[in-house]
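Student: Predicted model follows, preceded by the sequence.
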Amino acid sequence: MALLERAPINLLHWFLGLLGFFGVPAWILAIISALIIIGTIIGVFLGLFALTSVMERKILARVQNRYGPNRAGPFGLFQPVADGIKMITKEDLVPRTADWIVHLLAPVVMMVPALMVLAIIPYGRDMVPVEIDAGILYFFAVGAGTEVAVFMAGWGSNNKYSVLGAMRAIAQMISYELPLVISAIVTAMIAGSLSPSAIVAAQGGGGFVPQWFILTPWGFTAGLIFYICALAESNRSPFDLPEGESELVAGHLTEYSGFKYATFFMAEYVGMFAICGLFVTLFLGGWQAPLPFLDIIPSWCWFFGKVCFVAFTMIWVRATLPRLRIDHLLAFAWKFLLPMSFAAFLSAACWHYAGRGPLAWILSLAIVGIPYLILGNAFTNRFSVSRRTYLFSE
Amino acid sequence: MNIPGSGILKGLAVTARNFAGSYVEKDRLTTEQYPEERPKLPEAARSFPFLVYDGDDPETGMRCVSCKICEKECPPQCIYIIQDRDEAGKALKRPKVFDIDISVCMSCQICVEVCPFESIRMDQDYELSSFDRFGSLMLDKPKLLKSNTYYHSIHPTEAAETDGRIEAERKKKEAATAAKAAKAAAPSVVSVPLVPSQPKGRA
């Protein structure tokens, strides 16, 4: 099993050794090695994207008691191929009044950060493509680039719906970035490092009780906040207002067709997987197996299994919740998630200084529980629907 | 004080139950996989008219006598009939040409209701799309003629009723001919009516 565990790394080393044997200079080997790693990661994530695009439709269909796509290939698994051919062969429309350079660049600018953030995620034991000490900082700094891309798409299209969608997207993404970052900081604070691999290592050990951060009161709170904000950051339902078709046609995607649209779509899904990967790294123990004897399954399988599970829950949430209204959305971020993320922050600090024992549990549970009940009730009452009274009839 | 977020959990439970249930309970999935599975049409379903014939041969078993009532009654005038004639030019009780343009037909079933010979009935075939705009939507006699067995297979109740009516008609006719024959055979002694019979309904 150790063979399978290290298989991807050994395969790479074997291949580079072979090239070295034929007298390829070391600096070319370094470039080839980097390209192979990049190619593998992009390949894996685009494969996941293709699989998810059909699985999402199938899962949504099953929730609604339908079959979903099942015509193209066995179980409809070739649906992404059919979709791809359709997307590529479609006409690429650019509005006459659009700023065509910005219009053209927006999908590219969207795609690049989505792929770049994949560099710092630990996919398995000793499998971090780029080991950066401030990896989490890098993730959020680069990930913020998608906001620019969304606004470029809205502005470049020169269409009022696009601009409105882009404005909404900016408002939403910036609002949700704050609780997202604070809830991520909580884990960095307990692990004592901003490096993703150190955070994963801090969740290891512990024998038959997994030491994952999600299994502590503060970690559960921070994890939930992170999850909600991840939904908002990747523009997924119930936070998909920027492209709410009932009021904005398709938001910033209105004027996009053909392959540019496909690129946006792809970037959105890869971004979703990246943030799922970070969620797994920060809260679900990364590549660690839940129980010691389950180590026989390779660590990278555990990582991708967890990522797929989180992606499944995102689809599940999409199948369940309706879209929010923009003022509810922003109020939820500023009035509920932000104070709760501060509470999680405080709770984590108390947990650490109270010795991480039973007392720490009670203390940290109280620090997140009480604000949750108070804030939550205040928030739900604020938006509860009162009975409609009529002025003249009745 | 209720627990905030419990409504969302309830909703997630409902969707999860539907998701899992769709794999376990087959009757949750009501979708018909169309080309493989065909819908079971209700008996009253109708598409376009066809002509019924008895027996095996469409030409001899044809019920239509070319009375042209349907042609005259058809609101969109999609029926076209030419009566057949023999060499002497005498009209025969069968159509030479019977065309229905189903691109014009509106499936109103008036032709069926007016037909006194139970000859024209509604079909259930709905897979009529074609690449040929004129030819394949213009149904001529060979395309329109379908057997009584087929009629029984699509509208069992209605077909049984029709058969009963035809049978009753036939028996009445037979009885009338038998009576006539008996009357012809027996010498006419009795019953010369004193008052000539009047048409019914006119007092």
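Tutor: Nice, I can see it. Numbers count the residues shown, from 1 in each chain, chains lettered A, B, ... in the order given.
Student: Look up the closest residue to the residue in chain A that chain B sits nearest to, ignoring the ones flanking it.
Tutor: Per C-beta to the nearest C-beta, the residue of chain A with the smallest distance to chain B is A:Gly376, at 2.7 Å. C-beta: built from backbone N, CA, C; applies to glycine. In this structure, A:Gly376 finds its nearest non-sequential neighbour in B:Pro4, 2.7 Å apart by C-beta to C-beta, 6 or more residues apart in numbering or on different chains.
Student: now for the helix or strand bottoming out on mean pLDDT in chain B, which elements pack on it?
Tutor: Taking mean pLDDT, DSSP states H and E as the measure, helix B:58-61 is the helix or strand of chain B with the lowest mean score, a mean of 84. For helix B:58-61, the contact count by 3 or more C-beta pairs under 8 Å, 6 or more residues apart in numbering or on different chains; DSSP states H and E identifies strand B:145-147 as packing neighbours.
Student: which residues touch the strand it packs on?
Tutor: B:Phe50, B:Leu51, B:Val52, B:Tyr53, B:Asp54, B:Gly55, B:Asp56, B:Pro58, B:Gly61, B:Met62, B:Asp123 (C-beta atoms under 8 Å, 6 or more residues apart in numbering or on different chains).
Student: Check the spacing between the first one and chain A real quick.
Tutor: When C-beta to the nearest C-beta, to the nearest Å is the yardstick, B:Phe50 and chain A sit 33 Å from each other.
Student: Determine the number of other residues adjacent to that residue.
Tutor: One way to gauge burial is a neighbour count; for B:Phe50, by other C-beta atoms under 10 Å in any protein chain shown, it gives 22.
Student: Tell me which helix or strand it sits in.
Tutor: Applying DSSP states H and E as the criterion places B:Phe50 in strand B:49-53.
Student: what about that strand, average pLDDT?
Tutor: When pLDDT is averaged along strand B:49-53, the result is 90.
Student: residues in contact with whichever residue of chain B sits closest to chain A?
Tutor: Here the residue of chain B nearest chain A is B:Pro4; by C-beta to the nearest C-beta that distance is 2.7 Å. Residues near B:Pro4 by C-beta under 8 Å, 6+ apart: A:Tyr372, A:Leu373, A:Leu375, A:Gly376, A:Asn377, A:Phe379, A:Thr380.
Student: that's a helix at it, yeah?
Tutor: No - secondary structure of B:Pro4, determined by DSSP: H, G, I helix; E, B strand; the rest coil: coil, with no helix assignment.
Student: ok, now how distant is it from A:Phe336?
Tutor: Separation of B:Pro4 from A:Phe336 (C-beta to C-beta, to the nearest Å) stands at 9 Å.
Student: residues contacting the residue lying closest to A:Leu324 once chain neighbours are set aside?
Tutor: The spatial neighbour of A:Leu324 that comes closest, neighbours along the chain excluded (C-beta to C-beta, 6+ apart), is A:Pro238 at 5.5 Å. For A:Pro238, the residues meeting the contact criterion (C-beta under 8 Å, 6+ apart) are A:Leu231, A:Val317, A:Arg318, A:Leu321, A:Pro322, A:Arg323, A:Leu324.
Student: quick one: the fourth one and B:Leu9 touch, right?
Tutor: No - contact between A:Leu321 and B:Leu9 fails when scored by C-beta atoms under 8 Å: they sit 11.4 Å apart.
Student: Point out where the chain drops to low pLDDT.
Tutor: Because you didn't say which chain, this covers chain A. By pLDDT under 70, the low-scoring segments of chain A are A:1-2, A:206-207, A:383-384, A:394.
Student: right idea, wrong chain: chain B
Tutor: Judged by pLDDT under 70, chain B has its weakly predicted residues at B:1, B:187-203.
Student: quick check: longest helix of it.
Tutor: In chain B, with assignment by DSSP state H, the single longest helix is helix B:156-185.
Student: Return the list of helices and strands in contact with that helix.
Tutor: Using 3+ C-beta pairs under 8 Å, 6+ apart as the contact criterion, the elements in contact with helix B:156-185 are helix B:148-154.
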